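Q: Give me a model of this one.
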Amino acid sequence: MNDSSWGAPTGAGYWGPPDQGPSQGASPAGPAYEQHAVEETRPMPVVPEMPDVPAGGRDQDDDRGAARPSGPLFRDESPGGTQHEHPQRPQHEQPQGTQHEQPRGNSPYEQPRGAQHEPQHPTQHQTHRQTPYVTPHEAQHESRQEPMPSAAQPAPAPPKKSAGRDLGAAIGVGVGLGAVIVASLFIVKAVFIGVIAVAVVVGLWELTSRLEERKGIKAPLVPLAIGGAAMVVAGYVRGTEGAWVAMALTALAVLVWRMTEPPEGYLRDVTAGVFAAFYVPFLATFVALMLTADDGPQRVLTFLLLTVVSDTGAYAIGWRFGKHKLAPRISPGKTREGLVGAVTFAMAAGALCMQFLIDDGVWWQGLLLGLAVAASATLGDLGESMIKRDLGIKDMGTLLPGHGGIMDRLDSLLPTAPVVWLLLVIFVGAG
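A: Presented below is the predicted three-dimensional model:
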């Protein structure tokens, strides 16, 4: 702002008498232009629209104060609302005729930050405060600041352990299968042999189907199914000699049957076929061998009870207390605590079964039998898990709800059958 904003008398710039013009060569003391020129060249500040103010509450001095580059606005206010101007020239103002230097940062005609929607109305004994200027960099920094964290939230409750299967369906299917087995076992032995043969054929179908789907291995199912069923019957009728002969004939039938197809992959397919014949029907034949004894039903029932109790103890203890993995690369769900539970439950059940079910049996024999069953059932379960992990599957089938397939239930029974048969023969004889 320059002095022209305060107005100039007529003949400004002349120091002589009023009736005489300025002498040539005299140095002017003020602006050398008229008042109307001053009003035309005076910079008009751009100010935001202000609300209406009652008469006498604000005068022309407020406009001049809004146009100041910096510094407070000096004015006096009377109690009655009349303002008295003191047109004193500030010391920091530049000489007349020079251009004002704009302050760094924001324009001097902009309102302070945060005051655009809150106009200030001066009241009595109130002074004007200058809002500190905030640079764009500071404003951007403030906007990037993260909000203060709220009150600490309570930690979420740990998830409950889950069995991973439909427990109700699994129990229902297990009870149904147990009823069928027990009924056939104690009523007609031949019916139970038929149940074993059906389980063997379905297990072979699941195993060969998964091998072909996941690995492209075509183990011949027809000779395996016929030879497997014959193997179970031969073991029940002719004993161990009949079982071994049926196993040899089944392997030979697999070799011949595969010759009807191209030779590519022959060795791979027949090897898988012989393995399937040994793994499913041959091991199942030892159940039929146990049934040939005088107390055959009791021996088979002991075998089934010890295997089921071992699996139940491993599941219950491992699910509740399991922390240390037994074989994480093969079966991550099995724990050492579960193995201890399997051994404990199986030994207790073995002592009871040998004392009350097996003729001439003694409880301490049951302890050894239970220990052996727990070990063989666990190894059989791990072996099945190794096969399924190699194939990249979780279950061998979906025939039994809550269990998977037949092979998912035979995994611990098949390797346990020859162990129980052999120990019973050693303890109480062949019967």
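Q: what about stretch 235-244, average pLDDT?
A: Mean pLDDT, stretch 235-244: 95.
Q: Can you pull out the low-pLDDT segments for the protein?
A: Flagging of the chain using pLDDT under 70 yields the residue ranges 1-167, 170.
Q: longest single strand anywhere in it?
A: Ranked by residue count under DSSP state E, the longest strand found in the chain is strand 331-335.
Q: neighbouring strands for it, and are they parallel or not?
A: With DSSP bridges as the test, strand 331-335 is paired with strand 325-327 (antiparallel).
Q: Buried residues, the partner strand. List them.
A: Within strand 325-327, the residues scored as buried using 16 or more other CB atoms under 10 Å are 326, 327. For every residue, glycine as well, the C-beta is placed using N, CA and C.
Q: Stretch 260-279 now?
A: 268, 269, 270, 272, 273, 274, 275, 276, 277, 279.
Q: Also stretch 214-230?
A: Going by neighbour count (16+ other CB under 10 Å), the buried part of stretch 214-230 is 217, 218, 219, 220, 221, 223, 224, 225, 227, 228, 229, 230.
Q: who touches stretch 312-326?
A: By CB atoms under 8 Å, 6 or more residues apart in numbering, the list of residues contacting stretch 312-326 from outside reads 161, 163, 332-346, 374, 378.
Q: Quick check on those: which are buried?
A: With neighbours counted by 16+ other CB under 10 Å, these contain buried members at 334-335, 337-346, 374, 378.
Q: Which of those sits closest to residue 205?
A: The closest of the buried ones among the contacts of stretch 312-326 to residue 205 turns out to be residue 378 (CB to CB; 26.2 Å).
Q: I'd like to know how far that closest one sits from residue 349.
A: 15 Å (CB to CB, to the nearest Å).
Q: Could you export the buried residues of stretch 260-279 to a markdown table, including columns for distance to residue 243 and secondary structure?
A: What follows is these, written out as a markdown table (distance: CB to CB, whole Å; DSSP: H, G, I helix; E, B strand; the rest coil):
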| residue | distance to residue 243 | secondary structure |
| --- | --- | --- |
| 268 | 27 | helix |
| 269 | 24 | helix |
| 270 | 21 | helix |
| 272 | 21 | helix |
| 273 | 18 | helix |
| 274 | 15 | helix |
| 275 | 17 | helix |
| 276 | 16 | helix |
| 277 | 12 | helix |
| 279 | 14 | helix |
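Q: can you redo the residues you listed as CSV with distance to residue 304?
A: Formatted as CSV, those follow (distance: CB to CB, whole Å):
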residue, distance to residue 304
268, 35
269, 34
270, 33
272, 29
273, 29
274, 28
275, 25
276, 23
277, 23
279, 19
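Q: Please, where are all the strands along this structure?
A: Using DSSP E, strands in the chain cover 76-77, 83-84, 325-327, 331-335.
Q: Which of the contacts of stretch 312-326 fall in helices?
A: Counting by DSSP state H, these place 336-346, 374, 378 in helices.
Q: Surely residue 246 touches residue 230?
A: Yes. With contact defined as CB atoms under 8 Å, residue 246 reaches residue 230; the gap is 5.2 Å.
Q: Distance check, the closest residue to residue 343 other than its chain neighbours against residue 235.
A: Leaving aside its chain neighbours, residue 343 sits nearest to residue 374 (4.4 Å; criterion: CB to CB, 6 or more residues apart in numbering). As for residue 374, its distance to residue 235 is 25 Å (criterion: CB to CB).
Q: what's the answer for residue 299, then?
A: Using CB to CB, residue 299 is found at 14 Å from residue 235.
Q: ditto for residue 323
A: Relative to residue 235, residue 323 is positioned 43 Å away (CB to CB).
Q: Of the two, which one has the most company?
A: Looking at residue 323 and residue 235 with other CB atoms under 10 Å, you find the greater number of neighbours at residue 235, namely 30 against 8.
Q: pretty sure that one is touching residue 281, no?
A: No. In this structure, residue 235 is not within contact of residue 281 by CB under 8 Å, at 9.2 Å.
Q: what do the two both touch?
A: Contacts common to residue 235 and residue 281, judged by CB under 8 Å, 6+ apart, are absent.
Q: What are the boundaries of the helices in the stretch 251-400 of the chain?
A: According to DSSP state H, counting those that start in this stretch, the stretch 251-400 of the chain carries its helices in the segments 266-277, 283-291, 296-321, 336-356, 363-391.
Q: What is the second one packed up against?
A: Looking back up the chat, that one is helix 283-291. Applying 3 or more CB pairs under 8 Å, 6 or more residues apart in numbering; DSSP states H and E, one finds that helix 283-291 contacts helix 189-215, helix 221-258, helix 296-321, helix 413-428.
Q: tilt between that helix and helix 221-258?
A: Orientation of helix 283-291 against helix 221-258 (axes from the mean of the first three to the mean of the last three CA atoms, to 10 degrees) gives an angle of 120 degrees.
Q: go on, the last one?
A: The directions of helix 363-391 and helix 221-258 differ by 60 degrees, with the same axes, to 10 degrees as the criterion.
Q: The residue lying closest to residue 399 once chain neighbours are set aside: neighbouring residues, count only.
A: In this structure, residue 399 finds its nearest non-sequential neighbour in residue 405, 5.2 Å apart by CB to CB, 6+ apart. Around residue 405 there are 21 other residues, counting by other CB under 10 Å.
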